[in-house]
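Asks: Pasting the sequence and the predicted coordinates here, then a few questions.
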Amino acid sequence: MFLTHPSLIPFLYNQNEKADEDSYYARKAAYLKEHGYLEDINHRYDGTISPDTVEYNLANLKQIVFEVTDACNLRCKYCAYGELYSDHDERHAQKMTFASAKNIIDFLVNIWNNGKQEFTQKVIYISFYGGEPLLNMPFIRQVIEYVESLHIANRTIEYTMTSNAMLLDRYMDYLAEKNFGLLISLDGNKWNNSYRVTASGEDSFERNIANVDLLKEKYPEYFEKHVNFNTVLHNRNTVDEVFKFIKERYGKQPRITSLNTTGIRADKQEEFNNMFRNVADNLQQSKDYELLIDEMFMNSPEYHDVCLFLYKYNQNVYRSYNDLFALLKAENYIPTGGCTPFDRKIFITVNGKVLACERIGQQYGLGVVNPETPVDLSFQKIADMHNHYLDKLRAQCKTCYMSQSCMQCMYTINQLDSSEKIKCPGFTNREDFARYVSRNLSFMEKHPTAYERVMEVVLN
């Protein structure tokens with residue numbers, strides 16, 4: 001997509017290769033011209049993961065997420081564990097025990113001390129999730145005290161939490177002391193936030209705001225460095241309203257997400273449709289669209305898409321110096337764009353179920369953790385299950401024009417675990433891919449600084 005001077009070609013690729021009609025790059029250019037950007041010459045999609053893959057991911061784990069409790073002091077209408085959804089275990093206001101957490105921590109520390117590590121110093125995040133995690137504060141204190149007593153070699157431990165801020169006034173001293181990365185759920189002004197109500201149906205906004213204001217006033221430096229906001233977009237707010245409210249009041253850019261589209265109950269589909277708003281579409285409707293995307297930068301869908309586009313299709317982007325001087329070869333890819341189990345994190349539910357992530361349905365359990373028995377986590381079974389689901393998608397991946405830049409997590413595909421034939425929602429044919437290329441190139445044409453901004457700030 002971006003030209004390289006001919007004199008550099010021998011040094012970038014193969015010093016002995018002449019740029020003639022039979023060269024690899026000439027053939028590749030002809031192929032791309034004929035097939036319209038599909039960059040798959042000899043690639044295959046028969047790749048699988050092995051038990052070693054699972055163990056390697058755990059040895060290089062980036063994040064442990066504990067579902068501290070499934071109890072919550074709010075009843076948000078759109079909650080992924082609420083009435084609109086069916087792909088989660090029943091909620092019983094349980095609290096995770098320290099014994100369960102200690103069990104999985106000891107299991108992981110053993111792997112870290114004996115596994116295949118690819119680093120000498122690494123940050124690992126221990127995250128507390130709910131429900132509302134502050135409802136089980138004794139558990140959080142115990143976990144942190146135990147972790148800090150272990151003196152884990154070659155790893156720096158940091159703590160994060162997602163909270164609705166209803167109990168923030170009680171525990172902010174401890175959170176600030178431990179430098180928690182705190183993500184506060186807030187949907188904007190009082191009307192924007194009105195789906196977030198208490199168990200008795202009372203509005204939560206005034207208490208939320210009072211606690212957040214107190215945190216900002218009491219710990220301004222901590223607030224500036226470690227506190228951020230998460231907003232869910234729905235039919236009672238807009239990207240414009242939310243962004244301006246949180247930016248003007250707290251000086252922060254909120255992370256704005258659409259409602260979860262996986263696991264919706266059939267009898268709630270119409271209600272969900274009425275509530276759902278797409279972030280990109282809603283942003284484009286704003287009269288301040290240009291100002292918003294410039295301020296939001298990577299928090300905007302447009303810049304996020306352009307960044308991925310450049311990373312995957314700009315041949316001036318290299319992961320390492322080895323890639324810079326290596327001749328591209330055909331590869332055997334693992335289908336889909338989702339991560340392999342534990343590549344990014346491990347999630348432990350309050351029931352002791354082990355999942356790859358808190359964002360996927362709880363029917364995809366990978367193991368069990370409980371206080372009394374050893375951790376039940378079979379690397380072979382995990383690999384077999386993951387490969388089984390990959391088999392359902394390989395044929396589609398082979399003909400998908402987004403296969404080289406896929407972002408689809410297969411565990412968020414509806415009915416993946418059924419015996420029925422499934423269709424990947426991320427599947428892209430040639431016409432759709434042409435529109436994808438056109439959309440990103442047009443964005444960069446209309447925003448001349450976008451290319452430099454992404455390449456220097458994000459990809460550099």
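Replies: It's in.
Asks: Helix, strand, or coil at Thr428?
Replies: Under the three-state scheme (DSSP: H, G, I helix; E, B strand; the rest coil), Thr428 adopts coil.
Asks: Hmm, it is touching Tyr401, no?
Replies: Yes: when contacts are counted by C-beta atoms under 8 Å, Thr428 is listed as touching Tyr401 (4.7 Å). Using the backbone N, CA and C atoms, a C-beta is placed for each residue, glycine as well.
Asks: Start from the N-terminal end of this protein and give the strands.
Replies: In the chain, the strands defined using DSSP state E lie at 63-67, 122-129, 155-163, 181-185, 227-232, 255-257, 346-348, 353-355, 367-368.
Asks: among those, which is nearest Phe205?
Replies: For Phe205, the closest of the strands of the chain is strand 181-185, at 11.8 Å, according to C-beta to C-beta.
Asks: is the nearest residue to Ile124 once chain neighbours are set aside in a bridge, and if so with what?
Replies: Spatial nearest neighbour of Ile124, excluding adjacent residues (C-beta to C-beta, 6 or more residues apart in numbering): Arg155 at 5.2 Å. Taking DSSP bridges as the rule, Arg155 bridges to Lys122.
Asks: Quick check: Arg155 vs Tyr219, distance?
Replies: 26 Å (C-beta to C-beta, to the nearest Å).
Asks: is it true that Asn274 touches Leu259?
Replies: No: between Asn274 and Leu259 there is no contact under C-beta under 8 Å: 11.0 Å.
Asks: For the two, indicate the residue with more neighbours.
Replies: Ranked by neighbour count (other C-beta atoms under 10 Å), Asn274 and Leu259 place Leu259 first, with 19 against 9.
Asks: since we're on the residue nearest to Met402 when sequence neighbours are not counted, how many residues are nearby?
Replies: Leaving aside its sequence neighbours, Met402 sits nearest to Thr428 (C-beta to C-beta, 6+ apart; 4.1 Å). By the criterion of other C-beta under 10 Å, Thr428 has 20 neighbours.
Asks: pretty sure Leu416 contacts Lys423?
Replies: No: if you go by C-beta under 8 Å, Leu416 and Lys423 don't touch, sitting 10.8 Å apart.
Asks: neighbour count winner among these two?
Replies: Leu416 (19 against 11).
Asks: Check the gap between the more buried one and His386 for me.
Replies: Separation of Leu416 from His386 (C-beta to C-beta): 11 Å.
Asks: go on, Ser418?
Replies: On the measure of C-beta to C-beta, Ser418 and His386 end up 17 Å apart.
Asks: again, but for Asp87
Replies: 18 Å.
Asks: Between the two, point out the one with more neighbours.
Replies: Taking other C-beta under 10 Å, Asp87 and His386 do not tie; His386 has more neighbours (23 against 20).
Asks: and the more buried one, what does it touch?
Replies: By C-beta atoms under 8 Å, 6 or more residues apart in numbering, the contact list for His386 reads 49, 340-341.
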